[in-house]
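Asks: Sequence and predicted structure are below.
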Amino acid sequence: EAQVTQNPRYLITVTGKKLTVTCSQNMNHEYMSWYRQDPGLGLRQIYYSMNVEVTDKGDVPEGYKVSRKEKRNFPLILESPSPNQTSLYFCASSFRRTGDGYTFGSGTRLTVV
Amino acid sequence: TQLLEQSPQFLSIQEGENLTVYCNSSSVFSSLQWYRQEPGEGPVLLVTVVTGGEVKKLKRLTFQFGDARKDSSLHITAAQTGDTGLYLCAGIPGGSYIPTFGRGTSLIVHP
């Protein structure tokens, strides 16, 4: 089944404890992206990657890191999480063609206390 | 600055009613996508419209792209409880494949 897999689905952590949210897709998509979704603010792009070893900042990159060492994986790293990073996170992927839609993962609900 | 404005923000209706949600922008898009997101899940692509004036139908859902490719609408006929969810539009600027999302319309259909 074609899908984007995120792990974990739920995570509660403490301020300052480094964490990684994994994302993997099995559709050979070149393009991958991370979003956070907050009430009243909608989906905001954190980082995106057009291909292996190519990453770029989205609208809200502060406090996050990403890497794209393999085509299928695009982990999101929070080096020192803070409470304002409590949010619902989505990974998404697509082919690099105008009009192709995203396939989204099921989301990771992160709480930083 | 939000490039895509969706309205209404919230909509609560009874099963069987018709509804229309809107997605407006001052920018021109090469294409526009509509997604539906159910609670606890990621958005799922419903349709992509690419030609100004284009109308696409997906069962009871009708999508229209404005002639100037700046706006779009989603009309649902005879809404069902299964239509409940967050409807998101996403515009793709010319020369890009990176969408800009609106904030969504949250629809609740009561039995």
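Replies: Yes, it's here.
Asks: Point to the helix or strand of chain B where mean pLDDT is at its lowest.
Replies: Of all helical and strand segments in chain B, the minimum by mean pLDDT, DSSP states H and E falls on strand B:100-101, at a mean of 90.
Asks: Could you list every helix and strand in contact with that one?
Replies: When contacts are defined as 3 or more CB pairs under 8 Å, 6 or more residues apart in numbering or on different chains; DSSP states H and E, strand B:100-101 packs onto strand B:85-93. Every C-beta, even on glycine, is put in place using the N, C-alpha and C of the backbone.
Asks: Who are the packing partners of the strand it packs on?
Replies: Applying 3+ CB pairs under 8 Å, 6+ apart, we find strand B:85-93 packed against strand B:5-7, strand B:19-24, strand B:29-37, strand B:71-76, strand B:100-101, strand B:105-110.
Asks: Other residues contacting the fourth one?
Replies: In other words, strand B:71-76. Contact with strand B:71-76 is made by B:18-25, B:32, B:34, B:49, B:60-66, B:83, B:87, B:89, B:107, as judged by CB atoms under 8 Å, 6 or more residues apart in numbering or on different chains.
Asks: Narrow those residues to those that are buried.
Replies: In the contacts of strand B:71-76, burial by neighbour count holds for B:19, B:21-25, B:32, B:34, B:49, B:61-66, B:83, B:87, B:89, B:107, counting by 16 or more other CB atoms under 10 Å in any protein chain shown.
Asks: which strand of chain A spans the most residues?
Replies: Longest strand in chain A by number of residues, with DSSP state E as the criterion: strand A:42-51.
Asks: Strand partners (parallel or antiparallel) of it?
Replies: Paired neighbours of strand A:42-51 in the sheet (DSSP bridges): strand A:31-38 (antiparallel), strand A:54-57 (antiparallel).
Asks: Please compute how far the longest one lies from its chain's middle.
Replies: Using CA atoms, centre = their mean, to the nearest Å, the mean C-alpha position of strand A:31-38 is found 5 Å from that of the whole chain.
Asks: cool, the shortest one as well?
Replies: For strand A:54-57, the gap between its own C-alpha mean and the chain's C-alpha mean amounts to 12 Å (CA atoms, centre = their mean).
Asks: Buried residues in it, which are they?
Replies: Buried residues in strand A:54-57 (16+ other CB under 10 Å): A:T55.
Asks: what does that strand rub up against?
Replies: Under CB under 8 Å, 6+ apart, the answer for strand A:54-57 is A:47-50, A:66-68.
Asks: farthest pair in those residues?
Replies: A:M50 and A:S67 (13.9 Å; CB to CB).
Asks: Give me the contact list for stretch A:2-18.
Replies: A:19, A:21-27, A:77-83, A:89-93, A:103-113, B:42.
Asks: thinking again about what came up before, can you lay out the helices and strands packed on strand B:85-93 as JSON lines showing distance to A:R72?
Replies: Below are the helices and strands packed on strand B:85-93 laid out as JSON lines (distance: least, CB to CB, whole Å):
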{"stretch": "strand B:5-7", "distance to A:R72": "33"}
{"stretch": "strand B:19-24", "distance to A:R72": "32"}
{"stretch": "strand B:29-37", "distance to A:R72": "23"}
{"stretch": "strand B:71-76", "distance to A:R72": "32"}
{"stretch": "strand B:100-101", "distance to A:R72": "24"}
{"stretch": "strand B:105-110", "distance to A:R72": "33"}
